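Visitor: okay, predicted coordinates and the sequence, questions at the end:
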Number of protein chains: 2
Amino acid sequence: MTYCVGLKLNQGLVFMSDTLTNAGIDNVNTNKKMFFWSNKNERSVVLLTSGNLATSQATINLINEAIDNPNNDNDNILKTKSMFQVARIVGKILRNISNEYSSDGQVGENPYSSTLILGGQIVGQEHRLFLIYPEGNFIEASEDQSFFQIGETKYGKPIIVRALEKDSNFGDAIKLLLVSFDSTMKANVSVGMPIDVCTLKKDDFELNNQIRFEKNDPYFEKISNSWGEALKKSIKELPPFDFK
Amino acid sequence: MTYCVGLKLNQGLVFMSDTLTNAGIDNVNTNKKMFFWSNKNERSVVLLTSGNLATSQATINLINEAIDNPNNDNDNILKTKSMFQVARIVGKILRNISNEYSSDGQVGENPYSSTLILGGQIVGQEHRLFLIYPEGNFIEASEDQSFFQIGETKYGKPIIVRALEKDSNFGDAIKLLLVSFDSTMKANVSVGMPIDVCTLKKDDFELNNQIRFEKNDPYFEKISNSWGEALKKSIKELPPFDFK
């Protein structure tokens, strides 16, 4: 399983992903689920992947091969006019991969589908965030829906719904997401450390803000412990129920 | 969908269930998912139901018909020697119902399965709590696992994992469960008010502690609002992430 979140803040985009993959509980590995592309000072693109790992990896490979192909700019995510067109290209690649494996040959127990979060900015345009479905179609973050989750989304959703503010700075947003990831990992062993983080500051096309929280990271442990204490304290401080 | 929780505390058992049922989003109803049986001063039994409503209701009916049948004590949950035997009877009834509808005739889009939480006490014995699977087999709450959830369990799990204490009094336990239900209802519209609560105090066979929180219940609204504020405050007070 997987847990990834993308946030669209006023200040820019924040991405967080876990790294645990498993094909059965006896085949557990660490795999990066966060991918970057950029044209220096012109655009930055980030992709988070969940679902079938083969499908996700094939999608990444085909995105890269299209970028390296000098004869075809149509499928090159670094040459589109808009982030919307980037999402279309990625969606089309994803759809084709899933179809290829679903339509003939051996049928696996698990579906060949992946779900993606795509975000980025092209110079002079707004920073944008998309959720790409396994079918290749996609939706965009908006005023009313400023975050997307993929993978094991439920455990960590309530805290984001309650506490996310679009004018948060990146430090506060990362702290909030770490709490959401901690809640998820406490409840589901198929989501696990290390945790990758990446931020795209609006109008800043340097992709230099990549952070990895390793297992036993002291800040993450402090957040996890403090959060447990804070929850207990908050529950205690809620008005008591007058039980007769 | 449904959300039900059963807690085994030192002081006794606490049960909470929502009441929303739906057969498609255009067929939404209120149905009680909490059922009681008792022999005054000898035993009390509580059952929470999730899953297929027809299967749940048939199970309740067959439990009642067996109690009313003077010729057969074997399937009478008020005449067993132990709570374990109550769980066996309920599990067998559940299994038979599911099988009956699954094995022949029309096949529906949804499975005919239900999952149940069963709790109670027989005089002179320990209070016990069980989770009964659709297949009719079951597990029991223990020192390490003192609560069971059924239905839409994920959103409300992290707070229970973090804050449940087995020596809590009933008032505090109900408060904690209301927070868990609130988190779930904030994230999933298929779980909804009113919320039913019932407690079984250890060695007290009066089933007089039944509470219903109606929509717009002032205490529930206070908890919901205070909890939102408390979460935001707790996040703010966590050590800041030093984002460079």
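Guide: Thanks, I have it.
Visitor: look up how far residue A:44 lies from residue A:122.
Guide: 9 Å (Cβ to Cβ, to the nearest Å). To be clear about C-beta, it is placed using only N, CA and C from the backbone, and glycine gets the same treatment.
Visitor: show me where pLDDT drops low in chain A?
Guide: For chain A, the stretches with pLDDT under 70 are A:103-110, A:207-208.
Visitor: where along it do the strands fall?
Guide: A:3-9, A:12-17, A:20-22, A:28-30, A:34-39, A:43-51, A:114-122, A:128-132, A:138-140, A:147-151, A:195-201, A:210-213 (DSSP state E).
Visitor: would you reformat the ones you listed as a markdown table and include distance to chain B and mean neighbour count?
Guide: Formatted as a markdown table, these follow (distance: least, Cβ to the nearest Cβ, whole Å; neighbours: other Cβ atoms under 10 Å in any protein chain shown):
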| stretch | distance to chain B | mean neighbour count |
| --- | --- | --- |
| strand A:3-9 | 12 | 26 |
| strand A:12-17 | 10 | 26 |
| strand A:20-22 | 17 | 19 |
| strand A:28-30 | 21 | 11 |
| strand A:34-39 | 17 | 18 |
| strand A:43-51 | 16 | 25 |
| strand A:114-122 | 17 | 26 |
| strand A:128-132 | 16 | 24 |
| strand A:138-140 | 18 | 16 |
| strand A:147-151 | 11 | 23 |
| strand A:195-201 | 8 | 23 |
| strand A:210-213 | 8 | 16 |
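Visitor: tell me which of these lies nearest to residue B:92.
Guide: Nearest of those to residue B:92, taken as Cβ to Cβ: strand A:20-22 at 35.6 Å.
Visitor: just checking: what are the partner strands of that closest one?
Guide: Strand pairing for strand A:20-22, using DSSP bridges, gives strand A:28-30 (antiparallel).
Visitor: who's in contact with the strand it pairs with?
Guide: A:19-22, A:194 (Cβ atoms under 8 Å, 6 or more residues apart in numbering or on different chains).
Visitor: next: stretch A:210-218.
Guide: By Cβ under 8 Å, 6+ apart, stretch A:210-218 touches A:36, A:174, A:178, A:193-198, A:219-220.
Visitor: not counting its neighbours along the chain, what's nearest residue A:42?
Guide: Sequence neighbours aside, residue A:123 is the residue nearest to residue A:42 in space, at 5.2 Å (criterion: Cβ to Cβ, 6 or more residues apart in numbering or on different chains).
Visitor: run a quick neighbour tally on that neighbour.
Guide: 11 (other Cβ atoms under 10 Å in any protein chain shown).
Visitor: that one and residue A:200, how far apart?
Guide: On the measure of Cβ to Cβ, residue A:123 and residue A:200 end up 12 Å apart.
Visitor: what of residue A:184?
Guide: From residue A:184 to residue A:200 the distance is 23 Å (Cβ to Cβ).
Visitor: just residue A:137 next, same as before
Guide: Taking Cβ to Cβ, one finds residue A:137 at 24 Å from residue A:200.
Visitor: could you do residue A:113 as well?
Guide: 26 Å.
Visitor: same deal with residue A:182?
Guide: Using Cβ to Cβ, residue A:182 is found at 24 Å from residue A:200.
Visitor: repeat for residue A:218
Guide: The gap separating residue A:218 from residue A:200 is 26 Å, by Cβ to Cβ.
Visitor: just residue A:37 next, same as before
Guide: Residue A:37 is 12 Å from residue A:200, by Cβ to Cβ.
Visitor: find the residues that touch each one of those two.
Guide: With contacts taken as Cβ under 8 Å, 6+ apart, the residues that reach both residue A:37 and residue A:200 are residue A:44.
Visitor: contacts for stretch A:202-209?
Guide: A:10-12, A:36, A:38-44, A:121, A:123, A:127, A:170, A:197-201, B:243.
Visitor: swap in 6 Å and give it another go.
Guide: A:12, A:36, A:38, A:41, A:44, A:127, A:199 (Cβ atoms under 6 Å, 6 or more residues apart in numbering or on different chains).
Visitor: swap in stretch A:165-181?
Guide: A:5, A:7, A:9-10, A:14, A:16, A:146, A:156, A:159-160, A:163, A:195, A:197, A:199, A:223, A:227, B:235, B:238, B:240-241, B:243.
Visitor: what do you get if the cut-off is 8 Å, keeping everything else the same?
Guide: Counting by Cβ under 8 Å, 6+ apart, A:3, A:5, A:7-12, A:14, A:16, A:18, A:146, A:156-157, A:159-160, A:163-164, A:191, A:195, A:197, A:199, A:201, A:209, A:211, A:213, A:220, A:223, A:227, B:235, B:238, B:240-243 sit against stretch A:165-181.
Visitor: may I see the buried residues of it?
Guide: Residues A:168-170, A:172-181 are the ones in stretch A:165-181 that count as buried (16 or more other Cβ atoms under 10 Å in any protein chain shown).
Visitor: again, but for stretch A:232-243
Guide: A:232, A:234-235, A:238, A:241, A:243.
Visitor: ok, which of those residues also contact chain B?
Guide: A:232, A:234-235, A:238, A:241, A:243 (Cβ under 8 Å from any Cβ of the partner chain).
Visitor: just checking, residue A:95 touches residue A:132?
Guide: No: the criterion here is Cβ atoms under 8 Å, and residue A:95 misses it with residue A:132 at 9.3 Å.
Visitor: where's residue A:176 relative to residue B:144, distance?
Guide: From residue A:176 to residue B:144 the distance is 30 Å (Cβ to Cβ).
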